[in-house]
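In: Could you work out the structure for the sequence below:
(chains A and B)
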Amino acid sequence: MAVLLGLFTGLCFTVICVIVRLLIVIRSGSKCKPGEKGPVCVLIVAGSGGHTTEILRLMESLSQSYSPRHYIIADTDKMSEDKIRTFENSKKDTGSKGQFTIQRIPRSREVRQSWSSSVISTLNALLYAVPLVFRLRPDMVLCNGPGTCVPLCAAGLLLGLLGLKRVLLVYVESICRVESLSLSGKILYHISDYFFVQWSTLKDKYPKSIYLGRIV
Amino acid sequence: MKRVFVTVGTTSFDDLIERVTSPEAVQELKARGYQHLVLQVGQGSILPDSDSCHELTLEAFRFKDSIAENIKCADLVISHAGAGSCLETLGADKPLLVVVNDKLMDNHQLELARQLHQDSHLLYCTPSTLTETLKTMDLAVLSSFLPGQPKHFANFLDRALGVQ
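Out: Got it, this is the predicted structure:
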C-alpha cells in the first residue's frame, strides 16, 4: 500500500517536473539567438503541393546565413523533391554558398484521413522524426502546415526538454487560412516560438501570432 | 484571338466542365468576344473533343507540368477555388472568375476565394450561376493583386535570431 502510494507520488512529481520544464523551455524562445554565433542550421518541412511552393517562397527571401538547410519531405511526396532541387540549384547560380540535404519521413496524415488512424500514423512518423532531429540538431525548424510538421516540431521540443539543444520552432500559416487555423496550426500555436499568420482576422483570433501581411 | 482558360487543378470538377461547355455558356462567351476555349480537366470524367464545339475553338487536356503558359495567354481564367490556381492567376495579373464546387463538404478553400472576392481581386459563382455570371460580369471592377512580401518575414527573423 505504501509502495503504491510512493509510486503514485513519484509519478505525480515527475509529471509536474516535466510540465514545469516544458513551460520553461517554451518561454525561453526569445532569448535564443542562434544567428549571433554564426550560420543558422534550418530544418525545413516541405509538405505537398502548395505547401512546398509557399515554403520555398519564404526560403527565397532568407540570406545565406541560413545554412545548412535540411528539407524534410513525406515519403509519398513525389513532386516536392524536384521543386526543392530546382530552387537550390538556382541559389547556387547566384553564388550563394551553403549546403542542403533532402530527407524523407513517413507521412503523418493523408488528406481526409480519419482521426483514429491519424494518431497512429503520426506516432509512427514521430519514431522517425526523433532520431532525425537528434542527428541533425537544427537551430530552427521552419514549417507551414502539413501534418509532417507536428512530429518534427515535437522532436525539436524534446531536444530542448532534455537540455540537449534549444530548437526554435517557426510556423507560418498558409495564405489559404483566412478565418481559421489548420489542424497543425491549432496544435503548434501554443508551442511555436514564432507563429505567423497572413490575414488580420487570424491575428485578432490568435493574439500571440505575428502578422506582417501576406508574406508568400 | 481572345482566349478563355478553364482550370480545375488536381481535382475533378465535372459540373464546371459541363456548364462551361453548355450551349448557353458558350453563347455568352462568344457574345463577349472570346473565340478560344482551353479546358484543363484534371481528374474529371469529362474530356471534351476538340471538335465538340462549333462556336469556339476548343482544346482540352488533363494535366501539364505547368499551366503558366496557358494562364499567360488567357484573357480570362475560370478556375476552381484552389489556392494554387487562384494565386498563380492573380500573380499573372489576369482576370479571374472562381467557380465554387458546392458539392464539396468542409471546403476550407472557400476562405481564401471569399477573402479575395471581398478585396475585389476575383469574381465568384457556382456552376449553376456560371452562365448568368458570364452574361453580367464586369471585369473592370477587379483590382490588381499585389504579391506577398517575404522580405518582411526575412527581416523579422534576422532580427529575432540575431543574424548579422
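In: My read is that residue A:73 contacts residue A:107, right?
Out: No - at 9.3 Å, residue A:73 does not count as touching residue A:107 under the criterion of Cβ atoms under 8 Å. The way it works is simple: take the backbone N, C-alpha and C, and place the C-beta from them, glycine included.
In: who's more crowded, these two?
Out: Higher neighbour count among residue A:73 and residue A:107: residue A:73, with 25 against 21, using other Cβ atoms under 10 Å in any protein chain shown.
In: how far out from the middle of the chain is whichever helix or strand the more buried one is part of?
Out: Using DSSP states H and E, residue A:73 sits in strand A:66-74. Put simply, strand A:66-74 sits 11 Å off its chain's centre (Cα atoms, centre = their mean, to the nearest Å).
In: On the C-terminal side of the top helix by length along chain A, identify the next helix or strand.
Out: Determined from DSSP state H, the single longest helix within chain A is helix A:2-27. As assigned by DSSP H and E, the chain's next helix or strand after helix A:2-27 is strand A:40-46.
In: if we look at that following strand, which residues are touching it?
Out: A:34, A:52, A:55-56, A:59, A:62, A:65-73, A:77, A:80, A:83-84, A:133, A:136-144, A:146, A:148-149, A:152, A:156, B:161, B:163 (Cβ atoms under 8 Å, 6 or more residues apart in numbering or on different chains).
In: dump the residue contacts of residue B:72.
Out: So residue B:72 contacts residue B:92 (Cβ under 8 Å, 6+ apart).
In: ok but it is inside a helix, no?
Out: Yes - under DSSP: H, G, I helix; E, B strand; the rest coil, residue B:72 sits within a helix.
In: Tell me how far it lies from residue A:35.
Out: Distance of residue B:72 to residue A:35, computed by Cβ to Cβ, to the nearest Å: 39 Å.
In: same question, residue A:22
Out: 25 Å.
In: So for stretch B:144-153, what gets flagged as buried?
Out: B:145, B:148, B:150, B:153 (16 or more other Cβ atoms under 10 Å in any protein chain shown).
In: ok, and which of those reach chain A?
Out: By Cβ under 8 Å from any Cβ of the partner chain, the members of the buried residues of stretch B:144-153 lying near chain A are B:148, B:150, B:153.
In: Keep only those of the buried residues of stretch B:144-153 that are in helices.
Out: B:150, B:153.
In: Adding pLDDT and distance to residue B:37, write the buried residues of stretch B:144-153 out as TSV.
Out: As requested, the buried residues of stretch B:144-153 are arranged in TSV below (pLDDT from 0 to 100; distance: Cβ to Cβ, whole Å):
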residue	pLDDT	distance to residue B:37
B:145	94	24
B:148	93	31
B:150	96	35
B:153	98	39
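In: Please verify my assumption that residue A:197 contacts residue A:210.
Out: Yes - using Cβ under 8 Å, residue A:197 makes contact with residue A:210 at a distance of 7.4 Å.
In: neighbour count winner among the two?
Out: Neighbour totals were compared for residue A:197 and residue A:210, and residue A:197 leads with 26 against 18 (other Cβ under 10 Å).
In: Show the backbone phi and psi for that one.
Out: Phi and psi for residue A:197, reported as degrees, to the nearest 10, are phi -120, psi 160.
In: how about it, what does it touch?
Out: Here residue A:197 is in contact with A:173, A:177, A:181, A:203, A:206, A:209, A:210, A:211 (Cβ under 8 Å, 6+ apart).
In: Give the buried subset of the residues you listed as a ChimeraX selection command.
Out: A single ChimeraX command selects the buried members of these (16+ other Cβ under 10 Å):
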select /A:173,177,181,203,206,209,210,211
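In: Chain neighbours aside, what residue packs nearest to residue A:149?
Out: Computed as Cβ to Cβ, 6 or more residues apart in numbering or on different chains, the closest residue to residue A:149 that is not its neighbour in sequence is residue A:143, at 3.5 Å.
In: Report the beta-bridge partner residues of that neighbour.
Out: residue A:171 (DSSP bridges).
In: coming back round to it: would you mark the buried spots in the longest helix of chain A?
Out: A:25, A:26.
In: That one and chain B, are they touching?
Out: No - judged by Cβ under 8 Å from any Cβ, helix A:2-27 makes no contact with chain B; its nearest approach is 14.9 Å.
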